[in-house]
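[1] Coordinates for the following, if possible.
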Amino acid sequence: MVTYVNKLNVHGDLVRFIDAEDRLTRFVSSRPGCVSHQTLRLVGTANFFVELSVWEDTAAHRAAVTSEGFRELAREIAVLATREQGLYETLPEQAATAA
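    Presented below is the predicted three-dimensional model:
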């Protein structure tokens, strides 16, 4: 499994962003290989969010984010927020306990 992490700093209309992010969550959640998807807001702020989605594998994530439906939603969000994103993998149990 892999986890997509996207930090979003909203500089545009907050209501439009939340609406677009809600539509993105519904879209991503319906894609094959998506285990879960959620958006979190930093406590005490109005405009800082983290988007998390867990995928069965990188191929499932790639298929979802290269689809036209996703790209349209991502473009809409891109004009409203700056982002810092990455795809993460879980460390094996042995590595986590050795550290």
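
[2] Residue 38 - that's part of a strand, no?
    Yes: under DSSP: H, G, I helix; E, B strand; the rest coil, residue 38 falls within a strand.

[3] Next up, the contacts around it.
    25, 51-53 (Cβ atoms under 8 Å, 6 or more residues apart in numbering). Backbone N, C-alpha and C define where each C-beta goes, glycine included.

[4] Please, where are all the strands along the chain?
    Here the chain has its strands, by DSSP state E, at 2-10, 34-41, 48-55, 81-89.

[5] on that earlier part again, compare the contacts of residue 38 and tell me which is most surrounded.
    residue 53 (24 neighbours; other Cβ atoms under 10 Å).

[6] That one reaches residue 2, doesn't it?
    No: using Cβ atoms under 8 Å, residue 53 makes no contact with residue 2, being 9.2 Å away.

[7] Show me the common contact partners of the two, please.
    Joint contacts of residue 53 and residue 2 (Cβ under 8 Å, 6+ apart) are residue 61.
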